[in-house]
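Visitor: Pasted the sequence and its predicted model underneath.
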Amino acid sequence: TEKSISKDGLVWTFKLRRGVKFHDGTPFTAEAVKAGLDRALDPKLKVPLRFSITMIDKVAVVDDYTVKIHLKYPYAPLDYVLSLTLAAPFSPKAVKELGDKLAVQPVGTGAFKLGEWVKGERIVLVRNENYYGKKSTLDRIIFRVVPEHGTRTAMIRSGDLDMIVLPQPPDVAAMEKDPNLKVINATSTRYLFMGFNNKKDIFKDKRVRQALNYAVDKDTIVKKVLFGLADVAEGPMPESLFGYYKVGKYEYNPKKAKELLAAAKFPMDRKISMITPTGRYTFDKQVSEAIQAYLTDIGLKVELRTYDWPTYMAMIYKPVETSETELFLLGWGPIILDADFMLYGQFHSSVLPPKGLGSAFYSSPEVDKVLEEARMAQEANKRKDLYKKASTMLWEDAPWIFLYVQKYTVVHRKNVKGVVVLPVEKFNPLYATVE
């Protein structure tokens, strides 16, 4: 219900709401907050997003409804980070009784609780009658798994579904004309890039990485492949994040790309391996095929291979010593609206796989220093200046082929009211109604 921060920024004190209970009836207390954070910080557990809370030194319980979080260094967006699911409080009873099953039988404090989970078919959430806040008018929310895009489109149009997310881009224009549907093409944080394995010899010269950025016509990909449902990147993070700085586009310039490759003495007869998932991102395979064609146009030899998502994830997050990736399509969707989560989470030397999710294996002492300083700065304008500097450095160094930020399209029947679409690729149906 309230927070206070010490003058040095190292101790955050939180007063918790009284009378809140977990779905299993266990009281929500400071011990539950401490248990959740201690679990996420436990080095014995594999937590890919742990970088986002490594500034926490220890968590202390003052009383049942007061908790102090001690930091190793000041960190301005701590309250945002504490909203992450990895930092969520745990019901001590649920942890003890469910153990590893907690992942599929979650026990929270929210307005809805898990009613049923049939893998591959549906998840049913039921209203939490003991919710501490204003209760939803909805009795339940059913998430149905409908893999076929055409089937989902037909079901929303017929009224068999009330809402769908991320329809196929070619279908959006027709749905916008349907008098029974409302289409929301929302801004998101989902940033798509073609990553380089920066540890591979062929990509160690930044002129090569810059060349491939100039070789790809991102505007045409967005217009013709994605039907306009994305914004071409003009910096190494989405515009919706605090600390965003618009560096400017890598304009399509195949002539300049060839000149840079020649200056770097790139071996043009060397075959480059490109990999892409299929179905993970909107038209991911088609986007990768377009990039392959652009690189072929400047004389490069590129072999494209596709993989299912689990296999793909295992490939790109191998340790650098065993990684075979060279070029790979990937998306990164920051789940807090702050530059630290994006830039530190992808480009700091400490997040290289398998410890973190820095899949491009990028490492720069100069960039590290700026990101660390930005992480510790408490004054907002100081942080903005540092992220401007980091963005400029990264844009110049080109650890990725910077592509675009895709839209998060939500379509619902017009009798559905009050759905709030969030930029972090989520929607809040808490106070939605169906008329």
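Guide: Looks like it arrived, so ask away.
Visitor: quick one: contacts for K93?
Guide: By Cβ atoms under 8 Å, 6 or more residues apart in numbering, K93 lies in contact with F22, D24, T26. Every residue, glycine included, has its C-beta placed from N, CA and C.
Visitor: is it true that the last one touches A94?
Guide: Translated: T26. Yes: counting by Cβ atoms under 8 Å, A94 is a contact partner of T26 at 7.2 Å.
Visitor: the more surrounded of those two?
Guide: The neighbour count for T26 versus A94, taken as other Cβ atoms under 10 Å, is higher for A94 (20 against 17).
Visitor: Kindly list the main-chain dihedrals of the more buried one?
Guide: phi -70, psi -40 (degrees, to the nearest 10).
Visitor: now, which of the contacts of K93 sits nearest D338?
Guide: F22 (28.3 Å; Cβ to Cβ).
Visitor: Let's see the pLDDT reported for the closest one.
Guide: pLDDT for F22: 97.
Visitor: Please list all residues in contact with it.
Guide: F22 touches F28, A32, S91, K93, A94, V107, G108, T109, counting by Cβ under 8 Å, 6+ apart.
Visitor: Tell me which entries of the residues you listed lie within helices.
Guide: Among these, the members falling in helices (DSSP state H) are A32, K93, A94.
Visitor: mind listing the helices for the stretch 301-435 of the chain?
Guide: Ranges of helices within the stretch 301-435 of the chain are 309-316, 339, 345-347, 365-376, 380-397, based on DSSP state H, counting those that start in this stretch.
Visitor: pLDDT on the last one, on average?
Guide: It refers to helix 380-397. 99.
Visitor: tilt between it and helix 365-376?
Guide: 160 degrees (axes from the mean of the first three to the mean of the last three Cα atoms, to 10 degrees).
Visitor: Go through helix 380-397 and flag the buried ones.
Guide: Within helix 380-397, the residues scored as buried using 16 or more other Cβ atoms under 10 Å are 383-395, 397.
Visitor: okay if I get those as JSON lines plus distance to V183?
Guide: As requested, these are exported to JSON lines (distance: Cβ to Cβ, whole Å):
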{"residue": "R383", "distance to V183": "36"}
{"residue": "K384", "distance to V183": "34"}
{"residue": "D385", "distance to V183": "39"}
{"residue": "L386", "distance to V183": "38"}
{"residue": "Y387", "distance to V183": "33"}
{"residue": "K388", "distance to V183": "35"}
{"residue": "K389", "distance to V183": "39"}
{"residue": "A390", "distance to V183": "36"}
{"residue": "S391", "distance to V183": "32"}
{"residue": "T392", "distance to V183": "36"}
{"residue": "M393", "distance to V183": "39"}
{"residue": "L394", "distance to V183": "34"}
{"residue": "W395", "distance to V183": "33"}
{"residue": "D397", "distance to V183": "38"}
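Visitor: With respect to K256, which of the residues you listed is nearest?
Guide: W395 (15.4 Å).
Visitor: Could you verify my assumption that the closest one touches K388?
Guide: No: between W395 and K388 there is no contact under Cβ under 8 Å: 10.7 Å.
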